[in-house]
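Enquirer: Structure for this input, please:
(one chain, ligands or ions: 2)
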Amino acid sequence: MNNLIKFIAALPKAELHLHIEGSLEPELMFELAKRNKVTLPFPDVESVKAAYNFNNLQEFLDIYYQGTNVLKTEEDFCDLAMAYFYRAHRDNVLHSEIFFDPQSHTERGIPFNVVMNGLLAAVTKAEAELGMSVQLIMCFLRHLDEESAFATLRMAEPFLDKITGVGLDSSEVGNPPSKFRHVFAEARQKGLKLVAHAGEEGDASYIKEALDILNIDRIDHGNRITEDRLLMTRAARSAIALTICPLSNQKLQVVPDLRNHPLPYLLRQGLRVTINSDDPAYFGGYVNDNYKALAEYCGLKAADFVEIARNSFLGSFLPDQTVAAYLDVLDKYVDSF
Ligand SMILES: Nc1ncnc2[nH]cnc12
Ligand SMILES: [Zn+2]
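Expert: Residues are numbered from 1 along each chain as shown. Ligands and ions are numbered 1, 2, ... in the order given. A predicted model of the protein is given here:
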């Protein structure tokens, strides 16, 4: 097992499902609260951590949106993203596609430009200092209406060459993909990639809608695809990637027991599954912790993790040439281990 943990630690990988707001560690939350004179509803870091016990997605989201209140300036967004890039770099993440939730900031009066400029400064720094590649995916909050998503897309107009795609997150059940069909169609027309959280808490019909109506390029989570054999076959044949987040699933009680996580089954069924951290500051682990959990609880072996790391590059939105270069790095690592 020790050898496998070492193998995972240095395995070259991409992370494709990471909410930058979900990487806000309690320590940084307190630092930013002090810097911006924001009063937090918690006396100290320990009590924040103690509050991170969730029975479902909504309980998490309530506390996650509250956490964003400390983010006010470009510098805050830059510091937040840099903290994640340094941490991901330690996990040997070579490429990261990060989500951000502009509406959680614009709704509290923070200008869209402040969010973008802060994140873009961090992306430039991570690329230069750490040699990482980074892409940004702008998510629409699905508990808000489609008009608000359209307004967000309009705000993003000056930055569209720096945004790779759009996504759909927040409260899934009751907010089906079809609610956002027009804004996704417009995003597609603008040349953006499309992803959506689907089949996390919602049943497999949410995944089917996201594929049929939104025409997504990648499925975020998708763990409930096991409920629909036809959909699984379709996902396997089309090689669409699933960005699965095991520790998140456990924390949000989407999967009651990690020992029964569907990822190994989906991998054997030939689906392009990847392992990701989702909101690592809230769910108790960064990407390598998620890989390790699958080793420990599901008995995945080195060859499985190589396949998953390979999937992470193949499922990315990088150009083919860059993917090929990363796969070479991966092959060399495997040969040398
Ligand atoms: N796991 C998740 N599901 C839906 N929306 C989210 N926003 C941040 N994390 C999320
Ligand atoms: Zn997510």
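Enquirer: What residues does the stretch 51-200 of the chain have near ligand 1?
Expert: Proximity of the stretch 51-200 of the chain to ligand 1, by CB under 6 Å from any ligand atom, involves residues L57, Y64, D169, S170, H197, E200. (Each C-beta comes from the backbone N, C-alpha and C, glycine too.)
Enquirer: What residues does the fourth one make contact with?
Expert: Right, S170. With contact set as CB atoms under 8 Å, 6 or more residues apart in numbering, S170 has these partners: L61, D101, C139, L141, R142, H143, L144, H197.
Enquirer: Give me the spatial nearest neighbour of the last one, chain neighbours excluded.
Expert: Spelled out, that is H197. Among residues not flanking H197 along the chain, D220 sits closest, at 4.4 Å (CB to CB, 6 or more residues apart in numbering).
Enquirer: just K72 next, same as before
Expert: Of all residues not flanking K72 in the chain, N36 sits nearest, at 4.8 Å (CB to CB, 6+ apart).
Enquirer: Now do the same contact list for the one you found.
Expert: Residues near N36 by CB under 8 Å, 6+ apart: V70, K72, T73, D76.
Enquirer: what's the farthest-apart pair in those?
Expert: Farthest pair in the contacts of N36 (CB to CB) is V70 and T73. Separation: 10.4 Å.
Enquirer: ok, the two, which is more surrounded?
Expert: Per other CB atoms under 10 Å, whichever of V70 and T73 has more neighbours is V70, with 20 against 15.
Enquirer: quick one, what contacts the residue nearest to that one when sequence neighbours are not counted?
Expert: Among residues not flanking V70 along the chain, L32 sits closest, at 4.0 Å (CB to CB, 6+ apart). With contacts defined as CB under 8 Å, 6+ apart, the neighbours of L32 are V38, V70, L71, K72, D76, D79, L80.
Enquirer: Could you check how far L32 is from ligand 1?
Expert: The gap separating L32 from ligand 1 is 19 Å, by CB to the nearest ligand atom, to the nearest Å.
Enquirer: SS state for that residue?
Expert: Secondary structure assignment for L32 (DSSP: H, G, I helix; E, B strand; the rest coil): helix.
Enquirer: Please report how far it lies from N113.
Expert: Between L32 and N113 the computed distance is 19 Å (CB to CB, to the nearest Å).
Enquirer: what about V195, helix or strand, and which?
Expert: Assigned by DSSP states H and E, V195 belongs to strand 193-198.
Enquirer: The residue of the chain at minimum distance from ligand 1: how many residues sit nearby?
Expert: Per CB to the nearest ligand atom, D169 is where the chain lies closest to ligand 1, at 3.5 Å. Residues within reach of D169, counting by other CB under 10 Å, total 26.
Enquirer: what's the answer for H221, then?
Expert: H221: 27 surrounding residues under other CB under 10 Å.
Enquirer: Do you have the helices of the stretch 201-337 of the chain handy? List them.
Expert: For the stretch 201-337 of the chain, the helices defined by DSSP state H, counting those that start in this stretch cover 204-212, 229-238, 246-251, 263-268, 280-283, 287-298, 302-314, 320-336.
Enquirer: burial of the residue nearest to H197, as a residue count?
Expert: Here the number of neighbours of D220 (other CB under 10 Å) works out to 28.
Enquirer: what sits against it?
Expert: The contact partners of D220, taken as CB under 8 Å, 6+ apart, are H17, G167, D169, V195, A196, H197, A198, E200, L242, T243.
Enquirer: for V93, phi and psi?
Expert: Dihedral angles of V93 (phi, psi; degrees, to the nearest 10) stand at phi -80, psi 120.
Enquirer: Use 876 as the first number for this chain going forward.
Expert: Happy to do that; since the first residue is 876 now, the last one works out to V968.
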